[in-house]
Each structure stands twice: as structure tokens, then as C-alpha cells.
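[1] Structure here, sequence nowhere to be found:
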């Protein structure tokens, strides 16, 4: 057994717009593009960069809840809808809640390692604005153990992470935590404003930090310990990327320097029927991040950029601690000091992350890999950060449920 | 690119009971086991045969519609619920409607080929008796393109295959077709009576052939061209199997002769947004079956047993034709002549298939592989057929939607 019996690359990433509140073109009272549209747009976005469908050997779709948001399953059947040239080819759909996109990447990686494909089209998609947010919250509660759903908040997952935030405030310090969380939000908006596909691209609030710090959690109107600015929004969107062997890269005519190379990964699952043992720690993410770095032979200070799963600002801070970038209780200070900012020690979620770019749940893991590909290969446009020679690695951390299904991948630029 | 860069085996199969109408213990008015129960029972059934959870490197669950039948997603999180020894290991969930089980097998096969695992626990599960059948039919319609759902019958998939049956009657011969379909049903019941886990195990109708042949399709009470005996029932159940490399088999201490070896496969997808071009042909299945046989270097007359996807009796007959065992329009005669019977030319669905054993949708593809494993290794108990030396191969054909997501696998006994 080994993790990478041959070299694996990713290239030709594409993101649709993340559509939802915040985008001017979003109007909940008018018809909007459906699941099919997003799959086709993202899929074609990749095909256009790799010379067409004939170069795709296999495809995989990551999706969480089309079954309920769109009453649609059998998602492999939508791959040939992208382009008739994909008809009759193998395709799969994978699910692991908000980690579905990361599972699509892992499926593609393993498929290329298996040598049954040289080029896999990996796509993530979610279209959630088909129902009102409060009903959507009940649908999304299926990422937790639904048998316990009634014990939770009406807004189930905000409730779960509100409990984590409350425990963090109590164990450490409310004001320091809120300062870190406000900075988290401000960074997300600042980065999203640089990416035209981001849900918060058009956000023009003058001082997002002041806005977030000034807003106090209020259990009477929402959950006890988070404000709406601590939460990722409801999003429709898709992201896609090509996962290739060396032979695959040659076939599609893409130079290695225009691709990222996968240098390590981890896929770690926690029992969904158990509560987390410690509300102020993301235990599964901690294991996955360390396994991924170890398998890559990379230390955290060699990371030049990071895409992490900030479904909630508190999750962002807890991932920073899980990575060992700050001690328990000090992740908030690390963030407040600007170290995760785009010019900080470890530029994180450089196109806005889940809170700024958006969180079309099944797409998120793929979107993370697209952002890392853009940054490491110099294709991030206005959102481009500087990748320094001594910190050449990028990392994605994608989570499904409350620290249940975690996928972490370490990348470097191809060479 | 190649299909099998190393040898792949399957062993240690396990089926739960397929629960639903027909089983005496089934009472729709009383509480029944849930999704969790079936996952745990089937998973433990495999672990008990392979020396425990420490031998499992990775797991995959095939499931179609837990999101709607059980409001549950994030299914990878239930793998550690089988046994805490599986906690922190990689797991994935795959979906392709009623082909989800086959996709779980393909995921496991590719994972072992990738060398990231030597032993994959592959499991399929569905618990559908949570809603009344007419609402369940609407949920299952998500295996087709839901945008067109309203054009279909209330019982959507029976309606789709009723259209196929109607076209078959018109193009060929109603009475010959109905005789083949009645024989299909009678074979299913005869075989199911030999397997204690089958949904029709306790069926004691004296003459199932006469019962099926005597029942006429009636569009006023059901669909136009099928009776309820032409349809698989609503089922709850799970099946699981271990997918191993040679090293994996050694690790779990299973002799090759107690395993099947995968000698060929195909995974073929048709555009779900298109109607079938020919109602009397299963085009995707035809391609998949021929690709699978070709990749194995095996001809159809070398098959000693076959598990095919008879969600409806007409589908069974059309698969026989797709395989080239009979000419178009003569599959009904092939079946009527007893050639798919347990002592016939090609014993098919020897534990009852979807109509006799049951059709817990996400489990079916895995159940097929378990049956082939049982038959080829002499573990089928009362349902055991004779495997002749000149026909040593077994084959599974699993379908999601109306000929959309197809997985075909060719097996022989390990040696």
C-alpha cells in the first residue's frame, strides 16, 4: 500500500459564479439556472482548456443533496449532458455532505493511480436556492445524524457550530474570539472582492471588520453564539478540474508548470453517530491535516497558501489551531493579527473561502483545488498572491458534517 | 491505460434479509430497522469473515436515496458505526441510482488497483419502506431526469418500463412476450425460495407461472403493460463484500479458491436527459456487457451464471437480448424455454434477482457480486447451482435509471 504510486496532476480548473444573496443578478423571485446548467458550464469550462471531451477518460461528480434540493439523483447521467462526446464513458457520483467535492478529487486521484484513466474530469455542484433557507437548513441537517435532528437548532448546522463557538468563548475569551472572527470575515470579503465569480465580489461595505465586530450574536433572532456574518451563505454553483497522470497531461497538451502536482493527501472519517469529544477541537481535521502533510513530507511552515473549510468563522479558527499554527485558544489571535490575510504569514482562502467566495456545498472541495491551482500557477488574476520560493506548497482542507468526513490534499506547482 | 493492472479479488460476501411485503416479519404498521441497522449488520457480516476491522484499509457505501427515504446523507460517517475499529479510515459514498451498488464495486476495484488499499469494504444499502409506495415511486423518479417527471406515470419507473413492454408487444408478439415474462417471474420465485434472505423466500404460491401468466396488465389499476408481478418490490436491505489485492487476501487469511477474481468490467453512462432511442433495446447495457466480456477475453457461452438487473421482467428479457443470447424479439422465447432457469443453459439470478431476492436499490449491485461469489465458490447453500468446467465465468449487470448508469463485471473463481 502506498499513497502515490505515480505522479498526479491537476489543471484546467473552472468555477461558475457562486450565486445567491449578495450577487446583484440573484433574484429569489425569478427563475434561476438549475443543476444541469451548472454541471454543463463547469464541465465545458474544463473541456475548453483540455482540447475537448475526447481527452476525458472518466468523470466524477461530487454532490451533497441534489436528491432533496432538486429531487434529482443518478447524477453520473448528467456527465454526457456536458458534451455528447462524453457519452458512454465511465462516470460516478460521490457524496460526503460538504466534503463531497473533496471526495470527488480523491476519487479522481485514485482512478488515475489505478491506471484505468489518464484524465478524469472532477466536478462538484450544488444548487440550493430552490427552497427557503430555513427549509434548506433542515435538508442540510442530513450532514449530521438525522436521528438526532430534533435535538438541534432549527438552523441545525449554525446551531452545531454556535455550540462550538460558545464553548470557545467560555474556555478562552469572548472578545479575543470575536475579534478573530471579525477579522476572518473581513479577510473573506477583501479576497472575494478580487474574484469576479465570488458571491461577495460586489460587496461594497466600507469596513467589513467593523461591521462584523459590531454585530453581536443574539439567540433570540438567530443562534446563540454566531451572527449571520459568521456563516457561509446559501449558494448555487459548480467547480471542475482535470486530474491527470503525466501521460494525461501530455495528451491534453498542458505543460507541467501550468498544473499542480498532488504531493500528499489524507481522507479521514469520524463516526457520525457520536458527538465530538471536544467542542473546541476539530479532531478529524487535525488528524487529516497532519497525515496529509506527513505523507507529503512537508511541514506547515512550508505552506505558501491554504484553502480551508470555513463554513463558519469559528471553524476557520479551529482549523488554524488543528494545523498547529496556533495553540488551542490562540487561533483567534493568529487570525486577528492578520496572519491568514492575503499578505500575512499564511495567505488563507485567497478568493474568499466559503464565507466570501461562497459555499455551493458539493462544489466546495473542488473549488478549493481550483483556487490552489490558480495561485500556484499564477492564474489567479486580481486575487493572485505572491508564492515565495521557501513556501512553495498549497493545501486544501474540506469537511463534511461536523468534523465527520475530511479530505486534506497537499499540492505544489508541477515541474 | 488498462483495466486491471493487478489481480483483484472479492470475498466474504454478506447479505441481510431483503425486507418488505412478502416477508412474514414485515409489518408496515410497526417500527422497523433503520439505515444504521442494515449498514452495521452487512458490514459486520464481512468483518467477521476477514478477521476484524483492522484488516480494512478503506470503505465505500453505495446508496441511491437515503437523502429522501431517510433524510440522511454524509453516509461515509456511518462506516465507523459498523465497528469503532473503522474510525478514522478513508470512506466514500457513491450514487448512480439503482446502479449505486455497482459503482461501489467499481470504486473498490479502482481503489485496490491504485494501491492505496489492499482491502476495501464495499457495501450497498437502501431502506425504502419509510414511505408509502406511491410516494416512494416519486422519490425513485429521481433516477430519471426529474425535469420530465410530470410527463411520466405516477408510478414513474413502472411507467417507463411499461412503455418498453408495450413497444415490445407491438413490435413482436404479446402472448410470446407474456409467456417469457411469466417464466421470468416463476424462475425468480423458484430461486428465491432457496435463499433464506430473499424477500420471496416464504412465497408459497403453488404455481407462480400460472399466477403470472394469468394476471393481465391493466392500465386502469396500474400501468398499461406490466402487472405487479412484472415489477421488483420495495425493499430494505444491505449487502457487503471485501474487495482485495493478492496481498489483501493473504492479510485476511482467505484462500484464493474462496474468492472470485475480477477478470473484466465495463462502466458505461448514457445521457439522462435523452429518451432511449429504441424502446425495445437496452443500448447502454449492450455496450457495457460486450465491453466487459471483451475486456475479460470471455464469450457469452463461457458464462456459467449471470446476475442481471431485472427491476422489471421486461428488463430481464431485454438484457438477454442485449447480451446476444437471443435475437431481438426472441429473448422472451429464450426465457420461456427455461434457458435462464437454474438448470438451464445459463442459470440467471440464481437467488431470485431483483424480483425474487429483492431490490434494496443501492444494495443490488453488491448483492449481485455476493451471489456470483457464492455460486462460483460453492457457498450458495440450497441455492447452489452446478458450475461446469467449460463455463467457469460469472457476470453481473447492474443498471441505474432507464439504461443510464450501467456496470458490468466478469468473474471467475480464484485459483
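    Structure's in. What do you need? Note that this is a predicted model, so its numbers are computed, not measured.
[2] Could you find the closest non-adjacent residue to the residue nearest to the spatial centre of chain A?
    When chain A is reduced to its mean C-alpha position, the nearest residue by C-alpha atoms, centre = their mean turns out to be residue A:364, at 3.3 Å. Spatially, and ignoring its direct neighbours in sequence, residue A:364 is nearest to residue A:101 (5.1 Å; C-beta to C-beta, 6 or more residues apart in numbering or on different chains). To be clear about C-beta, it is placed using only N, CA and C from the backbone, and glycine gets the same treatment.
[3] ok, now which ones touch that neighbour?
    Shown in contact with residue A:101 (C-beta atoms under 8 Å, 6 or more residues apart in numbering or on different chains): A:62, A:124, A:239, A:362-369, A:398.
[4] Compute the distance between it and chain B, please.
    Remark: distance between residue A:101 and chain B (C-beta to the nearest C-beta, to the nearest Å) = 12 Å.
[5] The helix or strand where that residue lies: what's the following helix or strand?
    Element membership for residue A:101 (DSSP states H and E) is helix A:100-113. Using DSSP H and E, the helix or strand that follows helix A:100-113 in sequence is strand A:119-127.
[6] need the next SSE after that next one, C-terminal direction.
    Moving toward the C-terminus from strand A:119-127, the first helix or strand encountered (DSSP H and E) is helix A:133-140.
[7] which strands and helices sit next to that following helix?
    Here helix A:133-140 touches helix A:66-69, helix A:156-171, going by 3 or more C-beta pairs under 8 Å, 6 or more residues apart in numbering or on different chains; DSSP states H and E.
[8] State the mean pLDDT of the longest one.
    Just to be clear, that refers to helix A:156-171. Confidence for helix A:156-171, expressed as mean pLDDT, is 98.
[9] What lies in contact with that helix?
    A:137-138, A:140-141, A:143-144, A:149, A:152-153, A:177-178, A:181, A:217, A:222-226, A:230-231, A:276, A:279-280, A:311-312, A:314-315, A:317-318, A:329, A:332, A:402.
[10] from the contacts of residue A:101, which ones fall inside helices?
    A:364-369 (DSSP state H).
[11] ok, those vs chain B, which is closest?
    When those are compared for distance to chain B (C-beta to the nearest C-beta), residue A:365 comes out closest, at 12.3 Å.
[12] Please name the nearest non-neighbouring residue to the closest one.
    Nearest residue to residue A:365, sequence neighbours excluded (C-beta to C-beta, 6+ apart): residue A:101, at 2.6 Å.
[13] Chain B contacts on the stretch 151-300 of chain A?
    A:267-273, A:284, A:287 (C-beta under 8 Å from any C-beta of the partner chain).
[14] distance of the closest residue to chain B within the stretch 151-300 of chain A from residue B:75?
    For the stretch 151-300 of chain A, the residue closest to chain B is residue A:272, as judged by C-beta to the nearest C-beta, at 2.8 Å. Distance, residue A:272 to residue B:75, using C-beta to C-beta, to the nearest Å: 8 Å.
[15] still on that earlier bit, check contacts around the residue nearest to the centre of chain A.
    Per C-beta under 8 Å, 6+ apart, neighbours of residue A:364: A:98, A:101, A:124, A:239, A:309, A:354, A:398.
[16] Just the buried residues from the residues of the stretch 151-300 of chain A next to chain B, in ChimeraX please.
    If you want just the buried ones from these in ChimeraX, going by 16 or more other C-beta atoms under 10 Å in any protein chain shown, the selection is:
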select /A:267,268,269,270,271,272,284,287
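[17] Which of the residues of the stretch 151-300 of chain A next to chain B fall within strands?
    Residues from these lying in strands, with DSSP state E as the criterion: A:267-269.
[18] Using TSV, lay out these together with distance to residue B:79.
    Output for those, formatted as TSV (distance: C-beta to C-beta, whole Å):
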residue	distance to residue B:79
A:267	11
A:268	11
A:269	6
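[19] now the residues you listed in CSV, with pLDDT?
    Formatted as CSV, these follow (pLDDT from 0 to 100):
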residue, pLDDT
A:267, 98
A:268, 98
A:269, 98
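[20] how about residue A:272, what does it touch?
    Contact partners of residue A:272, counting by C-beta under 8 Å, 6+ apart, are A:144-145, A:401, A:404, B:74, B:77-78, B:80-81.
[21] Looking at these, which is nearest residue B:119?
    Ranked by distance to residue B:119 (C-beta to C-beta), those are led by residue B:80 at 16.1 Å.
[22] Tell me how many other residues surround the closest one.
    When neighbours are defined as other C-beta atoms under 10 Å in any protein chain shown, residue B:80 has 24 of them.
[23] next one: residue A:337
    For residue A:337, using other C-beta under 10 Å, the count is 16.
[24] And the pLDDT for it?
    What the model reports as pLDDT for residue A:337 is 98.
[25] if I pick it, what's in contact with it?
    By C-beta under 8 Å, 6+ apart, the contact list for residue A:337 reads residue A:344.
[26] The residue nearest to residue A:159 when sequence neighbours are not counted: which element?
    Nearest non-adjacent residue to residue A:159, counting by C-beta to C-beta, 6+ apart: residue A:153, 2.7 Å away. Residue A:153 is part of no helix or strand, with elements assigned from DSSP H and E.
[27] which of the contacts of helix A:156-171 are buried?
    Buried among the contacts of helix A:156-171 (16+ other C-beta under 10 Å): A:137-138, A:140-141, A:143-144, A:152-153, A:177-178, A:181, A:217, A:222-226, A:230-231, A:276, A:279-280, A:311-312, A:314-315, A:317-318, A:329, A:332, A:402.
[28] chain center to the helix or strand where residue A:177 lies, what's the gap?
    Residue A:177 is part of helix A:174-192, with elements assigned from DSSP H and E. Remark: helix A:174-192 is offset 18 Å from the chain centroid, using C-alpha atoms, centre = their mean, to the nearest Å.
[29] tell me what it is packed against?
    helix A:156-171, helix A:208-214, helix A:313-322, helix A:331-336, helix A:353-356.
[30] So for that helix, mean pLDDT?
    What helix A:174-192 shows for mean pLDDT is 98.
[31] Specify the angle between it and helix A:156-171 in degrees.
    Calculated by axes from the mean of the first three to the mean of the last three C-alpha atoms, to 10 degrees, helix A:174-192 forms an angle of 130 degrees with helix A:156-171.
[32] In helix A:174-192, which residues are buried?
    For helix A:174-192, a neighbour-count test (16+ other C-beta under 10 Å) marks A:176-192 as buried.
[33] any idea of the angle that helix forms with helix A:313-322?
    Relative orientation of helix A:174-192 and helix A:313-322, computed by the same axes, to 10 degrees: 100 degrees.
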